[in-house]
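Novice: Here's my sequence, what's the structure:
(2 chains)
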There are 2 protein chains.
Amino acid sequence: MTQPTACLLIIGNEVLSGRTQDANLKFLATRLGELGIPLREVRVIPDVRDTIIATVNEVRAKFTYVFTTGGIGPTHDDITAECIAAAFGVPWEPHPEAWARLAAHYARQDPPAEFNAARQRMATMPRGASLIDNPVSIAPGFIIGNVHVMAGVPRIMQAMFDGLAPSLQGGAPVASRAVHANGMLEGRVAEGLGAIQARFPGIDIGSYPYYRPSGNGVALVAKGTDTAQLDAALAQMTALVRELGHEPVAGEPG
Amino acid sequence: MTQPTACLLIIGNEVLSGRTQDANLKFLATRLGELGIPLREVRVIPDVRDTIIATVNEVRAKFTYVFTTGGIGPTHDDITAECIAAAFGVPWEPHPEAWARLAAHYARQDPPAEFNAARQRMATMPRGASLIDNPVSIAPGFIIGNVHVMAGVPRIMQAMFDGLAPSLQGGAPVASRAVHANGMLEGRVAEGLGAIQARFPGIDIGSYPYYRPSGNGVALVAKGTDTAQLDAALAQMTALVRELGHEPVAGEPG
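Specialist: Next up, the predicted model:
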């Protein structure tokens, strides 16, 4: 079976301007890896209609799954849903179930809040979209084709993804093995590590310097779906650290 | 004058796997905005040769400046420099000045460290590259064409960018004005805010909900290069908040 792949589009001027620190990439990268749908590309793009349409059409053809975050609120710059309708060439229109959920939500506020034109935008979706539940603030995300449209606010996005995850068709989960050593230098471990990578072409081996109050060093990390290969690579990485005169410590630095 | 634009490529499996939280995007977005070179797109791509080459060639044609972070260390997965040489169709070869700096650096360690093959990779660059100084750990970044190649470790990247910044040709700096109010809801402010945006097409107005122990609310933010327009938009946003029955507070929530 071919491993499915994922692409994340982070839509929003606020990330590109430096106003907002994105917190969705790391969460989704980790969760998608566990589901066996490794994240292969991320793009951060502005709230610009032509850019969103062109990017969605490019990446939905290239990856098994596309996830988007941001741009589905009630304000003028929340244009993700209408752009995705345009990308799929379908009308952008009221979604009956989303409309009913939001109308009921505003009616049950005390005092009742108006389900005004701005809020109605959040129930306006590409024709044929199916909903992604939003247990935090009601306004749903949606799925059309292989594109999964979620909120940008991290706790809403995370709740949406939790509900969505069981419906995704993953491959083998991406697992990881690590060893680290204080005092080790990348320039000394590089040659031996490259030789280990060459012996295990099916997994990804990386080395990551760290700088901590408790000491500087390097972490060696192997990632992949074949746990037997990962275990074998870990044994060789551990032996390499020892050969270089350092004390190997299992796992990543704390 | 046309405003110059920037694109950032974050190169590295460790960001896509969720191992590492990127800390370079926000720093560069902020600094580039101040320099009048707004960041228009970010891509996070893996350490895969064909992907790096194709992406570099696509974005260097589309944006005034391209910045890359990651993949210039001494290990087997540090392939940024050789891929950029391939993208520009030039040889990847020892850079005399980078070579001299690194050779001297390892020679003056006590005891002297070996300037081995792995470390020599860090002095191997596309022909014609000019160096970006690295005051933290010596191994330089480089510039070729409009592509600026920097380290992935944040404090090294930041030091490289600080040295580089005076040579960048910026436009008018991107400035920002903000007002916020506890208790305000996006769905109520949306219509009035859209009307303000329509009156100021030359600036970007956004609304950002916040959730704090001190209270939930919405921040309204205007960004652009025309400070007179920004001030006028801020006055209208402040009046709108008051009209909706909330107490406007200048700036972003603390």
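
Novice: okay, CA-based contacts and neighbour counts for the rest of this
Specialist: OK.

Novice: what's the average pLDDT for the helix or strand encompassing residue A:58?
Specialist: Element membership for residue A:58 (DSSP states H and E) is helix A:49-62. Mean per-residue pLDDT for helix A:49-62: 98.

Novice: Would you mind pulling up the elements that it packs against?
Specialist: On a contact count with 3 or more Cα pairs under 8 Å, 6 or more residues apart in numbering or on different chains; DSSP states H and E, helix A:49-62 meets helix A:80-88.

Novice: helix or strand right after the helix it packs on?
Specialist: Heading C-terminal from helix A:80-88, the first helix or strand you meet, by DSSP H and E, is strand A:92-94.

Novice: can you give me the offset of that next one from its chain's centre?
Specialist: The chain centre lies 27 Å from the centre of strand A:92-94; the measure is Cα atoms, centre = their mean, to the nearest Å.

Novice: Would you map out the domains in chain A?
Specialist: Chain A breaks down by the TED database into domains covering A:6-167, A:175-250.

Novice: Could you tell me the end-to-end distance of the last one?
Specialist: Read that as domain A:175-250. End-to-end distance of domain A:175-250 (Cα to Cα, to the nearest Å): 15 Å.

Novice: is any part of that domain close to chain B?
Specialist: Yes. Counting by Cα under 8 Å from any Cα of the partner chain, chain B is contacted by domain A:175-250 at A:186, A:187, A:188, A:190, A:191, A:193, A:194, A:205, A:206, A:207.

Novice: same check, this time on stretch A:13-21
Specialist: Yes. Using Cα under 8 Å from any Cα, stretch A:13-21 reaches chain B at A:14, A:15, A:16, A:17, A:18, A:19, A:20, A:21.

Novice: ok now do residue A:121, which residues does it touch?
Specialist: A:73, A:74 (Cα atoms under 8 Å, 6 or more residues apart in numbering or on different chains).

Novice: got it, and residue A:207?
Specialist: So residue A:207 contacts A:186, A:218, A:219, A:220, A:221, B:75 (Cα under 8 Å, 6+ apart).

Novice: is the fifth one in a bridge, and if so with what?
Specialist: Beta-bridge partners recorded for residue A:221 (DSSP bridges): residue A:178, residue A:206.

Novice: Quick one: neighbours of it, just the number.
Specialist: 23 (other Cα atoms under 10 Å in any protein chain shown).

Novice: surely it meets residue A:205?
Specialist: Yes. Between residue A:221 and residue A:205 there is a contact under Cα atoms under 8 Å: 5.7 Å.

Novice: Surely residue A:241 is within a strand?
Specialist: No. Residue A:241: not assigned to a strand; according to DSSP: H, G, I helix; E, B strand; the rest coil it is helix.

Novice: Can you check the pLDDT for it?
Specialist: At residue A:241, the model reports a pLDDT of 98.

Novice: what's the answer for residue A:73, then?
Specialist: pLDDT, residue A:73: 96.

Novice: quick check, stretch A:35-46 touching chain B?
Specialist: Yes. Using Cα under 8 Å from any Cα, stretch A:35-46 reaches chain B at A:38, A:39, A:40, A:41, A:42, A:43, A:44, A:45, A:46.

Novice: contacting residues for the fifth one?
Specialist: The contact partners of residue A:42, taken as Cα under 8 Å, 6+ apart, are A:7, A:8, A:9, A:10, A:25, B:16, B:42, B:43, B:44, B:45.

Novice: OK, now which residue of the stretch 151-254 of chain A is nearest to chain B?
Specialist: At 4.7 Å from chain B, residue A:190 is the closest residue in the stretch 151-254 of chain A, using Cα to the nearest Cα.

Novice: what ranges do the strands span in chain A?
Specialist: A:6-11, A:39-45, A:65-69, A:92-94, A:124-126, A:130-132, A:141-144, A:147-150, A:175-182, A:204-212, A:215-224, A:249-250 (DSSP state E).

Novice: Of all these, which one is nearest residue B:66?
Specialist: strand A:39-45 (14.4 Å; Cα to Cα).

Novice: Tell me which strands the closest one pairs with, and in which orientation.
Specialist: strand A:6-11 (parallel), strand B:39-45 (antiparallel).

Novice: can you give me the offset of it from its chain's centre?
Specialist: On Cα atoms, centre = their mean, the centre of strand A:39-45 falls 8 Å from the chain's centre.

Novice: And for stretch A:158-169?
Specialist: Distance, centroid of stretch A:158-169 to centroid of chain: 12 Å (Cα atoms, centre = their mean).

Novice: Can you tell me what sits against that stretch?
Specialist: A:4, A:27, A:132, A:133, A:134, A:135, A:136, A:141, A:150.

Novice: need those residues in a markdown table with distance to chain B and pLDDT, can you?
Specialist: Shown next, in a markdown table, are the contacts of stretch A:158-169 (distance: Cα to the nearest Cα, whole Å; pLDDT from 0 to 100):
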| residue | distance to chain B | pLDDT |
| --- | --- | --- |
| A:4 | 14 | 97 |
| A:27 | 7 | 98 |
| A:132 | 20 | 98 |
| A:133 | 19 | 98 |
| A:134 | 16 | 98 |
| A:135 | 16 | 97 |
| A:136 | 13 | 95 |
| A:141 | 17 | 98 |
| A:150 | 16 | 98 |
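
Novice: Type out the ChimeraX command that picks the buried ones from those.
Specialist: In ChimeraX, a selection of the buried entries from those looks like this (16 or more other Cα atoms under 10 Å in any protein chain shown):
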select /A:4,27,132,133,134,141,150
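
Novice: Adding distance to residue B:254, write the contacts of stretch A:158-169 out as JSON lines.
Specialist: Listed next are the contacts of stretch A:158-169 as JSON lines, based on distance: Cα to Cα, whole Å:
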{"residue": "A:4", "distance to residue B:254": "42"}
{"residue": "A:27", "distance to residue B:254": "25"}
{"residue": "A:132", "distance to residue B:254": "33"}
{"residue": "A:133", "distance to residue B:254": "31"}
{"residue": "A:134", "distance to residue B:254": "28"}
{"residue": "A:135", "distance to residue B:254": "28"}
{"residue": "A:136", "distance to residue B:254": "24"}
{"residue": "A:141", "distance to residue B:254": "30"}
{"residue": "A:150", "distance to residue B:254": "27"}
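
Novice: Which pair of the contacts of stretch A:158-169 spans the longest distance?
Specialist: It's A:4 and A:136 that sit farthest apart of these, by Cα to Cα, at 29.1 Å.
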